[in-house]
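> coords please:
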Amino acid sequence: MRLEPSDPAKIEREVRQLLANKVSGTMVGLWLLIPEYLRLGTWDLLKAWSGMPDERVEPRLALQLINESALCVNGVRMKRTLSQKGFELANGLPFTATDPAIHHLLDSHVVAEAQRLQIALGKVRQTFGHFKGKIIIIDPHRMKSCSKRQMVRRRKDKESTPAKMAQTFFCLDADSEQPFCFTTASSARTVTQATPELLTLTSSILKPNGDKPLALADNEHYTAELFDGASESPFDLLTPMPYNPSVLRAIHEVADEAFHRHWAGYATAKQPYSMMGSHQGPYYQFIQRKGERPEDYDFKAFLCTSDRDELEELSVHYPQRWHIEKFFDNDQALGWHRAGTLNLNIRYGQMTMALIAQAACFMLRQRLGPPLDQWDAPHLAKDFFRGLEGDIRVQHDTIVVTYYNAPNVDLLKKHYENMPDKLSSEGIKPTIPWLYDFKLDFRFK
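Numbering: from 1, shown residues only. Here you go, the predicted model:
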């Protein structure tokens, strides 16, 4: 397939003609994301990433990627059914771009550009209060790869056999359950190698000062090299300790009176601890003891880079680590559930666009009301973005999208009718730059 340069004037002419002809279809639900894109400053983020001005096609191709992520597009067959339903117009295009065009765009931008886009998005989200930034969760997300390439094989969990994997390392806010950023790499990269880069990206978003945020991790992160690096970072690190002989010995050497009983069957102790091979420290070992009688005692030890309140960290904060599994279950279909290409330029670009889609969907859910606000990404894509009947037409300088079978109509009317005025009252310019400065409004019938 041969790639040909686009003509901005021709694209604008054809988009205006499609709008003049009107559109009817089942993908008009996707247009409700456009106000969230305006609030997030998505167009400016995409222009900065692509290095192209308003009239060029490249930011519009990136916007198509974001909307494909919101639709949980999976495979060629699904992509072929997107056109002529309002999808391409939402991207400011008269056509649906082909895979070679998208790959060419992504491959022309390096990993560092995608990381800068993640940082910029994170800073915008921080202004909206999407992150509390007190407790963060770091965790690898591994997907089985069918590549024929020689690569390191890893276990996805303790029960599985080693297999070829694509790896993505996420950082999540424990309170809001929203992602800060991610890094991705081949299966050869260990968490010890990936975590410092991930924490650096996160610190660029949060700019922590004063009390250190606490990073929660699993026991895969229990390495001397990682703890030594974390002790010099803006974060504290807390991980479970393995049940090896030295850890068990340290636990059993703790005197019974050193444990503080908090409630029936639960007590904690804290002591300095030096890791073998560590050049920093000492760190702090938190021990929790469950059971009332010595014969029933069950111990579990954790290691932290600093002296913190062990009761709060173990009983309140560390259980929040499972929020990242909930995030993977709900949102991985946006673009983090398949191994895909091992070209990291393409992989970083595609997954970063999915991060923008996730942010917009999170903001949209807050306006939809129950039960839609609890739907996971595939459910939202199937029954909302691809399930609403409507039409698109132009009235003067405004694109009007009309819905005929929308749920929670009264709530949607409250949040989306008279949208230009609502955006202006929030200090946001109501014109849509990728739709040639048309405004956007909604009707619900």
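
> CA only for contacts and neighbour counts going forward, please
Noted.

> Lys164 is in contact with Ala339, correct?
No. In this structure Ala339 lies outside contact range of Lys164 using CA atoms under 8 Å: 9.8 Å.

> wait, Met363 sits on Ile34?
No. Using CA under 8 Å, Met363 is not in contact with Ile34; the gap is 11.1 Å.

> quick one: the strands in this protein?
23-25, 135-144, 153-154, 163-173, 179-185, 214-216, 236-240, 260-263, 266-273, 283-290, 298-304, 390-395, 398-403, 439-444 (DSSP state E).

> okay if I get these as a markdown table plus mean neighbour count, distance to Glu417 and mean pLDDT?
Below are those laid out as a markdown table (neighbours: other CA atoms under 10 Å; distance: least, CA to CA, whole Å; pLDDT from 0 to 100):
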| stretch | mean neighbour count | distance to Glu417 | mean pLDDT |
| --- | --- | --- | --- |
| strand 23-25 | 17 | 19 | 92 |
| strand 135-144 | 23 | 37 | 90 |
| strand 153-154 | 17 | 51 | 82 |
| strand 163-173 | 23 | 32 | 90 |
| strand 179-185 | 23 | 30 | 95 |
| strand 214-216 | 26 | 42 | 97 |
| strand 236-240 | 24 | 46 | 97 |
| strand 260-263 | 12 | 53 | 93 |
| strand 266-273 | 18 | 54 | 94 |
| strand 283-290 | 23 | 54 | 95 |
| strand 298-304 | 20 | 51 | 95 |
| strand 390-395 | 19 | 15 | 95 |
| strand 398-403 | 20 | 10 | 97 |
| strand 439-444 | 20 | 5 | 98 |
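
> okay, these in JSON lines with distance to Gln320 next?
Converted to JSON lines, the strands of the chain look like this (distance: least, CA to CA, whole Å):
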{"stretch": "strand 23-25", "distance to Gln320": "42"}
{"stretch": "strand 135-144", "distance to Gln320": "8"}
{"stretch": "strand 153-154", "distance to Gln320": "26"}
{"stretch": "strand 163-173", "distance to Gln320": "10"}
{"stretch": "strand 179-185", "distance to Gln320": "14"}
{"stretch": "strand 214-216", "distance to Gln320": "8"}
{"stretch": "strand 236-240", "distance to Gln320": "12"}
{"stretch": "strand 260-263", "distance to Gln320": "20"}
{"stretch": "strand 266-273", "distance to Gln320": "19"}
{"stretch": "strand 283-290", "distance to Gln320": "17"}
{"stretch": "strand 298-304", "distance to Gln320": "15"}
{"stretch": "strand 390-395", "distance to Gln320": "41"}
{"stretch": "strand 398-403", "distance to Gln320": "39"}
{"stretch": "strand 439-444", "distance to Gln320": "39"}
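
> mind listing what's buried in stretch 8-25?
For stretch 8-25, a neighbour-count test (16 or more other CA atoms under 10 Å) marks 11-12, 14-16, 18-19, 23-25 as buried.

> in a markdown table: those, plus distance to Leu198.
A markdown table is the format used below for the buried residues of stretch 8-25 (distance: CA to CA, whole Å):
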| residue | distance to Leu198 |
| --- | --- |
| Ile11 | 39 |
| Glu12 | 40 |
| Glu14 | 43 |
| Val15 | 40 |
| Arg16 | 43 |
| Leu18 | 44 |
| Leu19 | 43 |
| Val23 | 44 |
| Ser24 | 44 |
| Gly25 | 41 |
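
> out of the strands of the chain, the one nearest Arg367 is which?
Set against Arg367 and scored by CA to CA, the strands of the chain come closest in strand 439-444, at 14.2 Å.

> between the closest one and strand 390-395, how many degrees?
Counting by axes from the mean of the first three to the mean of the last three CA atoms, to 10 degrees, strand 439-444 lies at 140 degrees to strand 390-395.

> direction included, what does strand 439-444 pair against?
Here strand 439-444 has these sheet partners by DSSP bridges: strand 398-403 (parallel).

> contacting residues for Asp296?
With contact set as CA atoms under 8 Å, 6 or more residues apart in numbering, Asp296 has these partners: Lys290.

> I'd say Pro94 and Gly86 touch.
No. Here Pro94 lies out of contact with Gly86, judged by CA under 8 Å, at a distance of 9.8 Å.

> tell me which residues in stretch 184-200 are buried?
Of all the residues in stretch 184-200, those buried under the rule 16+ other CA under 10 Å are 184-187, 191-192, 194-195, 198-199.

> now tabulate those residues in CSV and tack on distance to Leu311.
Formatted as CSV, these follow (distance: CA to CA, whole Å):
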residue, distance to Leu311
Thr184, 34
Ala185, 36
Ser186, 38
Ser187, 36
Val191, 27
Thr192, 27
Ala194, 29
Thr195, 26
Leu198, 27
Leu199, 25
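
> of the residues you listed, closest to Asp441?
Of all these, Thr184 has the smallest distance to Asp441: 38.5 Å, by CA to CA.

> who does the nearest residue to that closest one once chain neighbours are set aside bridge with?
Nearest residue to Thr184 in three dimensions, chain neighbours excluded: Thr168, at 4.2 Å (CA to CA, 6 or more residues apart in numbering). When assigned by DSSP bridges, Thr168 has beta-bridge partners His141, Thr184.

> show me where pLDDT drops low in this protein?
Within the chain, the segments meeting pLDDT under 70 span 1-3, 75-80.

> domain-wise, how is this structure divided?
Domain assignment for the chain, taken from automatic domain parsing, gives 8-108+389-444, 112-330.

> could you dump the ones you listed to a markdown table with distance to Ala381?
Below are the domains of the chain laid out as a markdown table (distance: least, CA to CA, whole Å):
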| stretch | distance to Ala381 |
| --- | --- |
| domain 8-108+389-444 | 5 |
| domain 112-330 | 12 |
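
> which one, of those domains, ends up nearest to Leu380?
domain 8-108+389-444 (8.2 Å).
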